[in-house]
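Student: This is the structure alone, sequence omitted:
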């Protein structure tokens with residue numbers, strides 16, 4: 001029995017044993033400071049410090065704000081115009097694709113490629129516009145999801161039902177609001193960056209600034225569409241990856257979870273819907289593995305590489321590797 005397991009079972013303060021264990025985004029496991037070669041697979045319940053009272057707590061601030069955003073989005077339907085639709089689509093792409101898909105997910109969470117620091121921070125700033133929490137909190141939550149997929153420690157496990165996996169998990173419990181200790185454990189590479197931590201603390205400020213700009217430039221109707229409608233659409237597109245692609249779809253890889261590939265969500269989420277491919281090879285910055293699996297985020301990464309804004313791009317190549325191989329090829 002490990003010292004951590006003993007701490008849990010016999011009531012010792014387990015946090016003292018967590019100091020030298022961190023999450024490795026390249027492998028989706030807990031690793032010691034000696035590097036990925038010394039991965040240690042530890043019992044799940046010994047990693048996440050579960051607080052039963054916080055696990056049952058309703059997040060009323062989140063419930064109220066999410067409800068208000070849906071309400072204002074409904075009001076926006078009385079002000080439909082091609083200009084408002086265009087503003088919404090452009091900002092939806094900016095926040096959900098370069099922001100969440102490239103920035104928060106494939107770059108910051110899984111380190112599937114490298115960029116100059118200013119590009120990394122810019123993508124993170126775009127991600128804050130999605131109002132899905134700040135970059136460090138989002139990455140921490142997602143790394144926990146990969147480390148404990150479909151277990152009681154998975155923040156949005158589909159084992160608790162489709163509603164929970166889609167939206168319920170942000171309404172109750174602390175899955176969407178990791179503590180500083182949890183962020184240091186799972187995102188030690190990010191908490192060292194003061195800019196990312198600033199964005200994490202004030203992730204809502206960019207949307208307020210955007211709203212003011214839209215109001216001054218196009219009027220209140222543009223705010224309803226460019227902030228409220230666009231944010232709600234972005235929420236549900238991202239949440240569908242958490243819920244639907246763990247429920248319906250096809251499976252190329254025999255992973256230990258129920259992740260699936262979905263054409264519809266792949267198109268809606270700019271390539272994030274090829275979720276079974278992603279869970280099989282988390283570090284791969286390419287999710288769509290064939291021409292039929294359209295992956296717009298992967299196309300943008302290749303463009304960034306051509307412009308020398310991205311390097312060391314890792315992508316799984318289904319043609320040159322066995323289907324279930326875990327080998328990652330560095331793109332050339």
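Tutor: Yep, that arrived. Quantities reported herein were computed from a predicted structural model and do not represent experimental measurements.
Student: what's near enough to touch the closest residue to residue 155 other than its chain neighbours?
Tutor: Setting aside the residues directly before and after it, residue 155 is nearest to residue 175 in space (CB to CB, 6 or more residues apart in numbering), at 3.1 Å. Where C-beta positions appear, they are placed from N, C-alpha and C, glycine not excepted. Taking CB atoms under 8 Å, 6 or more residues apart in numbering, we find residue 175 in contact with 141, 144, 155-156, 169.
Student: cool, residue 176 as well?
Tutor: Here residue 176 is in contact with 59, 62, 133, 137, 141, 155, 169-170 (CB under 8 Å, 6+ apart).
Student: Over to residue 290?
Tutor: Neighbours of residue 290 in contact, by CB under 8 Å, 6+ apart: residue 318.
Student: What backbone torsions are found at it?
Tutor: phi -130, psi 170 (degrees, to the nearest 10).
Student: State the pLDDT value of it.
Tutor: pLDDT for residue 290: 94.
Student: what's the single longest helix in the chain?
Tutor: helix 60-76 (DSSP state H).
Student: If you count neighbours, what's buried in that one?
Tutor: For helix 60-76, burial by neighbour count (16 or more other CB atoms under 10 Å) applies to 62, 66, 69, 72-73, 76.
Student: And stretch 280-297, by the same measure?
Tutor: Quick answer for stretch 280-297 (16+ other CB under 10 Å): 280-289, 293-297.
Student: Tell me which residues are up against stretch 91-105.
Tutor: 120, 123-130, 132, 135, 138-139, 142, 210, 226, 230-231, 233-234, 237-238, 269-272, 296-297, 300-301.
Student: Check stretch 212-221 too.
Tutor: Here stretch 212-221 makes contact (CB under 8 Å, 6+ apart) with 76, 79, 81, 83-84, 87, 222-223, 226-227.
Student: Of these, just say which sits nearest to residue 148.
Tutor: Lowest distance from residue 148 to those (CB to CB) belongs to residue 227, with 33.7 Å.
Student: Surely that closest one is in contact with residue 209?
Tutor: No. Counting by CB atoms under 8 Å, residue 227 sits too far from residue 209 to count as a contact (10.5 Å).
Student: What segments of the stretch 51-200 of the chain are helices?
Tutor: 52-56, 60-76, 82-94, 117-128, 135-147, 162-163, 169-171, 180-186, 188-191, 194-201 (DSSP state H, counting those that start in this stretch).
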